[in-house]
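Participant: structure of the sequence below:
(one chain, ligands or ions: 1)
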Amino acid sequence: MSTTPRDPHRPVAHLRPPRNWINDPNGLVFHDGHYHVSYQYNPSGATHANMHWGHFRSPDLLTWEPLPIALSPNPDGVDADGCFSGNAVSDGDRLVAFYSAHREDRSPQHQPITCAVSHDGGNSFRPRGELLIPELPEGCTMYRDPYVWQDGDGWRMLVGAALADGRAAALLYDSPDLENWTYRGPFAARRPEPVGGTEEFTGDGWECPQYLPAADGPGALLFSTWTEPTGPQRVAVLIGEEHDGHFKAGPAVPADHGPDCYAPALLRAPGGRWLLWGWSWEARDEAWAVADGWAGVLTLPREIHVDDGTLRQQPATELLALRGEHAVHAEGVTDGPQRVDLGSVGRAFDLTARLEPTGNAGLRLLTTPDGSEYLDIRVDTDAGELVVDRDHASLDPRARGGSYRMPCPSGQPVELRVAVDHSIVEIFLITTGQVLTLRFYPTGQGPWRLEARSASGTRLGFAVDAWELHPLVIKEPSTGTAEPAPTSPSP
Ligand code: FRU
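Facilitator: The predicted structure is shown next:
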């Protein structure tokens, strides 16, 4: 399989199959010395339909081996119209994948839970065939996306839901054996409330709940907010502690401050480390993605933890090994209004910056030689926010614009880590552990340039380094074929 991008927008350091549609990361699990990453996958096209689980594994987060498709809808089965999202656990020599079984002849928001088992390290899965949890608790108006984890001698499961009383919820089950499940009630449930400091709400229903139970101190319940009639919105997190099957937490806050991260999922890695991947959807017209033959990408794997009541994220340490040529090393001071050219970068780079602005100032990534196309990352010191502005990031009107903000404490240096990969940018504010993900679609063909810029009357002290990003190594599939013929029902 080639790792060369077939078009200028296809990322190289972010995981996705060569073609077609992907959405949520699924079945994230460390098993038999490998990180397993599955994902919602349509093997027949670049639109959301016919959901399978595609599957990669890696020993080190850098070299990935495509495995055969893990789960395929069975045309006569409980999942005839899609194997929707879920996770997987490692249980001795077994990998057990739990997922949402979709049939269009059920209520459209009801995807009951089923499972599939692999005894060969994820090369093949035997679907259960029947539903594992056939009955929904009373009063569920939405139900899907199991998240199973081991707890002492037993197992627990959360399922994303909306309840008839107007609350969105993560419903709790437990099991002694992964086979017999008992419903224990809502683990957390909330009427729509603002997601701290934003104009977003926690939604009518929660998709893909994920739980990080901290060993001591508070843990995190992440969920993706879903609202009628538009569907998926943003990602939020509750920080709190469990008491007798109920998660007591403060107000919801954003888990990613950008517009293009959804359905993030957790992997419990060896050594107590937690990793997270999200789905970064396209921010361009669907017809454009369809013409290019692919849509969606997984975010970088991120290390996450709860510290001082806050969810903190940073790129997985292993990704430092993707750094190649040291393309930019620049230090200085601007006296606004002024711009300073920092040098040129390729279409995939990893940047660190230390910014000390006295007012509005920041960095600009220029993607056309005449400077008419650019992405801005700037500090708004009055608002105490970092602003990422993509209003001019593509000359193609089919790309979405907008500017997005995350809190950025004033009066102290701003430490950033920015990963840019063709059409995705993930901006980590190191000082707060917060992150903002967005997609952008530059049209410029030539080299890209970086600038430091400051507004009139503003000084900006800057120290910027950027390294070209090597592509992930995608191995040739060693067993079977990674992309079997689509299993759509015969006409
Ligand atoms: C979230 C989601 C899940 C569902 C899956 C279907 O993006 O809608 O709730 O299981 O995607 O592809």
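
Participant: tell me which element E468 is part of?
Facilitator: strand 459-469 (DSSP states H and E).

Participant: N74 and A189, how far apart?
Facilitator: Using C-beta to C-beta, to the nearest Å, we find N74 at a distance of 33 Å from A189. Yep, even glycine has a C-beta here, placed from its N, CA and C like the rest.

Participant: all helices for the stretch 101-250 of the chain, in order.
Facilitator: For the stretch 101-250 of the chain, applying DSSP state H, counting those that start in this stretch gives no helices.

Participant: oops, could you answer that again for the stretch 251-400 of the chain instead?
Facilitator: 286-292.

Participant: get me the contact residues on it for the ligand.
Facilitator: 262-263 (C-beta under 6 Å from any ligand atom).

Participant: nearest to the ligand: which residue in the stretch 251-400 of the chain?
Facilitator: A263 (4.3 Å; C-beta to the nearest ligand atom).

Participant: which non-adjacent residue is nearest G33?
Facilitator: P59 (6.0 Å; C-beta to C-beta, 6 or more residues apart in numbering).

Participant: ugh, wrong one, R417
Facilitator: F428 (4.3 Å).

Participant: the one you found and the ligand: what is the separation?
Facilitator: 23 Å (C-beta to the nearest ligand atom, to the nearest Å).

Participant: what's the answer for R16, then?
Facilitator: 15 Å.

Participant: which ones are touching that residue?
Facilitator: Each residue near R16 by C-beta atoms under 8 Å, 6 or more residues apart in numbering is listed here: 22, 39, 294, 296-298.

Participant: that one - that's part of a strand, no?
Facilitator: No - R16 is assigned coil when assessed by DSSP: H, G, I helix; E, B strand; the rest coil, not a strand.

Participant: looks like the residue nearest to R417 contacts A316 (just checking).
Facilitator: No - counting by C-beta atoms under 8 Å, F428 does not reach A316; the two are 11.7 Å apart.

Participant: how about the nearest residue to the residue nearest the centre of the chain, chain neighbours excluded?
Facilitator: Centroid-nearest residue in the chain, with C-alpha atoms, centre = their mean: G278, separated by 0.9 Å. Of all residues not flanking G278 in the chain, P264 sits nearest, at 3.7 Å (C-beta to C-beta, 6+ apart).

Participant: the one you found: neighbour count?
Facilitator: 27 (other C-beta atoms under 10 Å).

Participant: so it touches L222, yeah?
Facilitator: Yes - under the criterion of C-beta under 8 Å, P264 makes contact with L222 at 6.1 Å.

Participant: okay, and the common contacts of those two?
Facilitator: 210, 235, 255, 276.

Participant: now, which of those residues lie within strands?
Facilitator: 210, 235, 276 (DSSP state E).

Participant: does the first one touch L222 like I think?
Facilitator: Yep, that's Q210 we're talking about. Yes - at 4.4 Å, Q210 and L222 qualify as touching, with contact defined as C-beta under 8 Å.

Participant: got any residues that touch both of those two?
Facilitator: With C-beta under 8 Å, 6+ apart as the test, Q210 and L222 both reach 264, 266, 276.

Participant: reformat those residues as TSV; add distance to A287 and pLDDT.
Facilitator: Shown next, in TSV, are those (distance: C-beta to C-beta, whole Å; pLDDT from 0 to 100):
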residue	distance to A287	pLDDT
P264	27	98
L266	34	98
L276	31	98
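
Participant: can you redo those residues as TSV with distance to F125?
Facilitator: Converted to TSV, the shared contacts of Q210 and L222 look like this (distance: C-beta to C-beta, whole Å):
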residue	distance to F125
P264	23
L266	21
L276	24
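
Participant: relative to A88, which of these is nearest.
Facilitator: L266 (11.6 Å; C-beta to C-beta).

Participant: ok, that closest one touching L28?
Facilitator: Yes - the pair L266 / L28 is scored as a contact, 6.5 Å apart, by C-beta under 8 Å.

Participant: can I get the shared contacts of P264 and L222 in JSON lines with neighbour count?
Facilitator: Below are the shared contacts of P264 and L222 laid out as JSON lines (neighbours: other C-beta atoms under 10 Å):
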{"residue": "Q210", "neighbour count": "28"}
{"residue": "V235", "neighbour count": "27"}
{"residue": "A255", "neighbour count": "25"}
{"residue": "L276", "neighbour count": "27"}
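
Participant: for those, which one is nearest A80?
Facilitator: Checking these one by one against A80 (C-beta to C-beta), the nearest turns out to be Q210, at 26.9 Å.

Participant: contacting residues around that closest one?
Facilitator: Q210 touches 87, 147, 158, 221-223, 264-266, 276, counting by C-beta under 8 Å, 6+ apart.

Participant: who wins on neighbours among these?
Facilitator: Going by other C-beta under 10 Å, F223 tops the contacts of Q210 with 32 neighbours.

Participant: quick check: it touching V195?
Facilitator: No - at 10.6 Å, F223 does not count as touching V195 under the criterion of C-beta under 8 Å.

Participant: the residue of the stretch 351-491 of the chain found nearest the ligand: how many residues sit nearby?
Facilitator: At 14.7 Å from the ligand, T437 is the closest residue in the stretch 351-491 of the chain, using C-beta to the nearest ligand atom. T437: 27 surrounding residues under other C-beta under 10 Å.

Participant: cool, and the one 10 residues further on?
Facilitator: Using other C-beta under 10 Å, P447 has 14 neighbouring residues.

Participant: and Y211, how far from V29?
Facilitator: Counting by C-beta to C-beta - Y211 and V29 are separated by 15 Å.

Participant: partners of T334 in the sheet?
Facilitator: Per DSSP bridges, the residues bridged to T334 are L460.

Participant: got a list of what it touches?
Facilitator: With C-beta under 8 Å, 6+ apart, T334 has these contacts: 340, 361, 452-454, 458-460, 462.

Participant: farthest pair within these?
Facilitator: For the contacts of T334, and using C-beta to C-beta, no pair is farther apart than V340 and T458, which are 13.0 Å apart.

Participant: so what's the residue count around P232?
Facilitator: Neighbours of P232 using other C-beta under 10 Å come to 18.

Participant: next one: A289
Facilitator: A289: 20 neighbours (other C-beta under 10 Å).

Participant: grab the nearest non-local neighbour of it.
Facilitator: A295 (4.1 Å).

Participant: near the ligand, which residues of the stretch 1-150 of the chain are found?
Facilitator: Residues of the stretch 1-150 of the chain lying near the ligand (C-beta under 6 Å from any ligand atom): 23-24, 40, 51, 84-85, 100, 144-145.
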